[in-house]
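Visitor: pasting a predicted model and its sequence here:
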Amino acid sequence: MVADIALARGMTVAGFLDDRALEGQRVFDLPILGGPAWLEVCRSEVSVALGIGENRARCRIYKLCERLGVTLVTLIHPTATVAASAQLGAGVVVMAQAVINPDARVANGAIINSGAIVEHDCEIGAFAHLSPNATLGGNVRVGALTHLGLAASVLPGKAVGEETVVGAGAVVTSDVPSRVVVAGVPARIQRQREEP
Ligand SMILES: CC(=O)SCCNC(=O)CCNC(=O)[C@H](O)C(C)(C)COP(=O)(O)OP(=O)(O)OC[C@H]1O[C@@H](n2cnc3c(N)ncnc32)[C@H](O)[C@@H]1OP(=O)(O)O
């Protein structure tokens, strides 16, 4: 999906980095260049877009790029709507039909997936992931590394902590602490989240 956005934006995509695939394999007719070690050799020739859904893994690769001085690109699908006053950090990906409204702030490495809505003045932490059709009312805060499932909603002004998971379809009606899994309508804590 991330390569698709880059191509739609008229960028040249050299290929993919994947530590589980074999160098020389092709995906969507583009080559697998190698694993993250490839970056150490070719860091001055490329920029990197983050196409990893798992938040902690995406954070690790972001930090590797930062350490190597590799530029991280921020990608916005041509059909997404991003207000002029919204701020997006490095390595953010905004997918098709997503909406980010005025004065919202999206920190480094976050994913705003297809059709997700980030209302005015929201604050999204680094490496958070809003799944397709997740919806945030105005002034919502989402902590770093938190994952909102498909079509999850957060009522205006509420805060979700760091490294929390909000289940698909949940409706968050009160603040949610860090490192828990919540689900349901209204969202209730299901369990604590294990340490990485
Ligand atoms: C492009 C993309 O695909 S982006 C990725 C999007 N991914 C998502 O939206 C997934 C979000 N994850 C979820 O919703 C998960 O189901 C979680 C985190 C809520 C729970 O996951 P787990 O802890 O593994 O729970 P598990 O699947 O074992 O289910 C436990 C119970 O919760 C129920 N349950 C699972 N998910 C939900 C949910 N979203 N809402 C309500 N109940 C749920 C199950 O039915 C089960 O109930 P039971 O014990 O009565 O049988």
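Guide: Looks like it arrived, so ask away. Everything quoted here is computed from the prediction, not taken from an experiment.

Visitor: any idea how far the closest residue to A6 other than its chain neighbours is from A96?
Guide: Distance criterion CB to CB, 6 or more residues apart in numbering; nearest residue to A6, sequence neighbours excluded, is V13 at 5.2 Å. (C-beta placed from N, C-alpha, C; glycine too.) From V13 across to A96, the span is 17 Å (CB to CB, to the nearest Å).

Visitor: up against the ligand, what does the chain have?
Guide: Taking CB under 6 Å from any ligand atom as the criterion, the chain approaches the ligand at residues N113, S131, P132, G149, L150, V165, G167, A168, G169, V181, A183, G184.

Visitor: which ones among those map onto helices?
Guide: Under the assignment DSSP state H, these contribute nothing to helices.

Visitor: find the centremost residue of this structure, please.
Guide: What sits nearest the mean C-alpha location of the chain, by CA atoms, centre = their mean, is I111, with 1.7 Å.

Visitor: tell me how many other residues crowd the closest residue to it other than its chain neighbours.
Guide: Leaving aside its chain neighbours, I111 sits nearest to H129 (4.5 Å; criterion: CB to CB, 6+ apart). The number of residues packed around H129, counting by other CB atoms under 10 Å, is 25.

Visitor: go ahead and confirm H129 touches G109.
Guide: No: using CB atoms under 8 Å, H129 is not in contact with G109; the gap is 9.5 Å.

Visitor: I'd guessed V176 sits against V166; true?
Guide: Yes: V176 is within contact range of V166, at 7.0 Å (criterion: CB under 8 Å).

Visitor: flag the shaky bits of the protein, pLDDT-wise.
Guide: 21-24, 196 (pLDDT under 70).

Visitor: got the domain ranges for this structure?
Guide: If you go by automatic domain parsing, the domain ranges for the chain are 2-72, 75-192.

Visitor: what about the longest one, start to end distance?
Guide: By that I understand domain 75-192. 33 Å (CA to CA, to the nearest Å).

Visitor: over to the shortest one?
Guide: One end of domain 2-72 to the other measures 13 Å (CA to CA).

Visitor: same check on stretch 141-157?
Guide: Using CA to CA, first and last residues of stretch 141-157 are 7 Å apart.
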